[in-house]
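S.K.: this one's sequence-less:
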């Protein structure tokens, strides 16, 4: 008889954060389960600034609060207050899970930024009631929307390579790939 051992939501959050940046050589994520602290070590200063701007410093899961620390490789780190599309360009630079980042001017609004992830199903071990084998299957865009503080005008998408035109609300951008939000 199998023993049911469920992953806690804060542990799932760490796994999602780790999946989002595991292919990025400039980012290393360490989770201290005893102290409930996630330390994110970043080699690139611009990426560290962007990461600190889009990630919360604390994440609450009922009575448990997980502290999230972005630790840059050097001491010139400064936390940026606003969330802009260029932050996501810095954040996902050299990360192979991202296909493109498209920023367009909004009509009477701030610019709109689409972070377009590769069309790929992400699987990682997460023992929950969602799957009998303890696997979580999802898309990068879903992980990003749960983990990152997107703010107004930031959208996460998945690349859809079947079509030729990129349909973004009231805009059409002709490219070799098509991007769809799910």
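M.R.: Structure's in. What do you need? Fair warning: this is a prediction, and the values are worked out from it, not measured in the lab.
S.K.: could you pull out the helices in this protein for me?
M.R.: Per DSSP state H, the chain carries helices over the ranges 9-21, 45-54, 85-91, 140-147.
S.K.: can you tell me which of those has the worst average pLDDT?
M.R.: Across the helices of the chain, helix 85-91 has the smallest mean pLDDT, namely a mean of 81.
S.K.: next one: that one to chain centre, how far?
M.R.: Relative to the chain's own centre, helix 85-91 is displaced by 12 Å; criterion: CA atoms, centre = their mean, to the nearest Å.
S.K.: buried residues in it?
M.R.: Neighbour counts over helix 85-91 (16 or more other CB atoms under 10 Å) mark 85, 87, 88, 89, 90, 91 as buried. No exception for glycine: its C-beta is placed from N, CA and C like everyone else's.
S.K.: export those to a markdown table and tack on distance to residue 141?
M.R.: Listed next are the buried residues of helix 85-91 as a markdown table, based on distance: CB to CB, whole Å:
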| residue | distance to residue 141 |
| --- | --- |
| 85 | 16 |
| 87 | 17 |
| 88 | 13 |
| 89 | 17 |
| 90 | 19 |
| 91 | 14 |
